[in-house]
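Asks: Next comes the sequence, and after it the predicted model I'd like to discuss.
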Amino acid sequence: MVNSRTKTVKGGCLCAAIRFTITLPEGWQPECNGTCQCTQCRKFTGALVPQNIGIPKEYVEPSFDSQPSYKTYQSGPKSYRGFCSTCGSSLTFMDTKGQLWIHLGSFDEEDLVGRKVGEAYETKWGKIWEWDASGSFGQELAKAKDHVWVENAVPGVTDVMAGKKYMCGREGVEGFEGGLMELWKEVKQ
Ligand SMILES: [Zn+2]
Ligand SMILES: [Zn+2]
């Protein structure tokens, strides 16, 4: 469920040369929201488990293409990856059909996590803040629906998240629950 208290999510690159606002229709749910452990996504983002969310282009203002710092790199015959040419932040994945995915880590902290409020508590674990998560989308957006390219997972570490998993892409095969080790046991029976 997308939080009905707010209908926009903001994000941008590290240097803020690229900023965007996504306006989500009431009740909208992402068709695609998942992690990808393919080597391209890893290399492009520098993250072991990048998470991408499919967003209709028309929800994004201003469009990525209209922003001067935004550049794309053709990473495959049918795929492009968008980044900020000033600070190097990796932002998007696109296919030639025009489908846009945005790397979830480029969304603003306030929209993902919430806002720090009040006084911090000094504890033996360091400062602990209270969070006002009203209006944030963290719960709705951070929960990946599924995970692709799990054949590249680090067994026991990056194959243990909740949600359906796929060896490579989602098409034409069944997803599985649990980790690679359990799957091996089943295959070898
Ligand atoms: Zn930038
Ligand atoms: Zn990928």
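Replies: Now that the structure is in, tell me what you want to look at. Residues are numbered from 1 along each chain as shown. Ligands and ions are numbered 1, 2, ... in the order given.

Asks: list the helices and strands the least confident helix or strand in the chain by mean pLDDT packs on?
Replies: Confidence across the helices and strands of the chain bottoms out at helix 138-142, with a mean of 82, counting by mean pLDDT, DSSP states H and E. Using 3 or more C-beta pairs under 8 Å, 6 or more residues apart in numbering; DSSP states H and E as the contact criterion, the secondary-structure elements in contact with helix 138-142 are helix 109-112. The C-beta positions use only the backbone N, C-alpha and C, and glycine is treated the same way.

Asks: domain assignment for this structure?
Replies: The chain breaks down into these domains under automatic domain parsing: 1-144, 147-184.

Asks: which of the residues in the last one are buried?
Replies: Neighbour-count burial for domain 147-184, with 16 or more other C-beta atoms under 10 Å as criterion, is recorded at 147-150, 152-153, 158-159, 161, 164-167, 176, 179-180, 183.

Asks: Can you check which helix is longest in this protein?
Replies: helix 180-188 (DSSP state H).

Asks: mind checking how far the least confident helix or strand of the chain is from the chain centre?
Replies: Mean C-alpha position of helix 138-142 versus that of the full chain (C-alpha atoms, centre = their mean, to the nearest Å) differs by 10 Å.

Asks: got it, and stretch 123-134?
Replies: 24 Å.

Asks: what mean pLDDT does that stretch have?
Replies: Here the mean pLDDT over stretch 123-134 is 89, rounded to a whole number.
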